[in-house]
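Engineer: Task: produce atomic coordinates for the following.
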Amino acid sequence: MKIYLKFDFNKTCKKVLEDCFNQLGVTYTISGLGEVDIENPLNAEQLEWLQTTLNSYGINIIDDEKSALVQRIKDTITEMIYLDEKAKLYKVSTYLSDKLNYSYNHLSNVFSETTYSSIENFVILKKIDYAKTLIAENNLTLTEIAFRLNYSSVAHLSGQFKKTTGLTPSVFQRIIMKRKELS
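Structural biologist: Here you go, the predicted model:
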């Protein structure tokens, strides 16, 4: 027997973090995607337990400043694309600078140095990933998806979709429908 699951990744991660920090018995605040403020420093034993427990869920503690900033950039972009309806009003550069309190130039340099890719490329990949989810899970038109993802036109979305996936959104949509019919 197969069962199919749909879950909210952010809620799932937040619940795992809450369970871990509650088990540690420390005062904490989950202040954003991938960011936890702990009132008092953890001792070596607590930190080791936390690291081991989180690793079992595929969550890693980042101790390198540049890597932490890159993760914050990625999380902010994810938040911008998936969660923040008002983000359409801003350019990516302005949104990141405002949210992270660094110049976009600095953020871009750190991101490129660490990932060997650009912020712009990451944004495109995230948008296309979300477009695939919207095509697969909703009955939205490509026009509605393009608008939701802040594309200037369906043609622009389709071009980036094809360049990224090798398929047009329409072909991808047909494949998803066929798979649903077969299962």
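
Engineer: How much space separates the residue nearest the centre of the chain from Thr114?
Structural biologist: The residue lying closest to the centre of the chain (Cα atoms, centre = their mean) is Thr78, at 3.3 Å. As judged by Cβ to Cβ, to the nearest Å, Thr78 and Thr114 stand 17 Å apart. In short, each C-beta sits where N, CA and C put it, glycine included.

Engineer: Indicate each strand paired with the lowest-mean-pLDDT helix or strand in the chain and its parallel or antiparallel sense.
Structural biologist: Here the helix or strand of the chain ranked lowest by mean pLDDT, DSSP states H and E is strand 28-32, holding a mean of 80. Strand 28-32 sits in its sheet next to strand 35-38 (antiparallel), going by DSSP bridges.

Engineer: Report the contact partners of Glu137.
Structural biologist: Counting by Cβ atoms under 8 Å, 6 or more residues apart in numbering, Glu137 touches Lys6.

Engineer: For it, report the pLDDT, please.
Structural biologist: Per-residue pLDDT puts Glu137 at 83.

Engineer: wait, isn't Leu54 in contact with Ile62?
Structural biologist: No - using Cβ atoms under 8 Å as the test, Leu54 is too far from Ile62 to be in contact (11.0 Å).

Engineer: Compare the two and say which is more crowded by neighbours.
Structural biologist: Neighbours were counted for Leu54 and for Ile62 using other Cβ atoms under 10 Å; Leu54 has more, 16 against 13.
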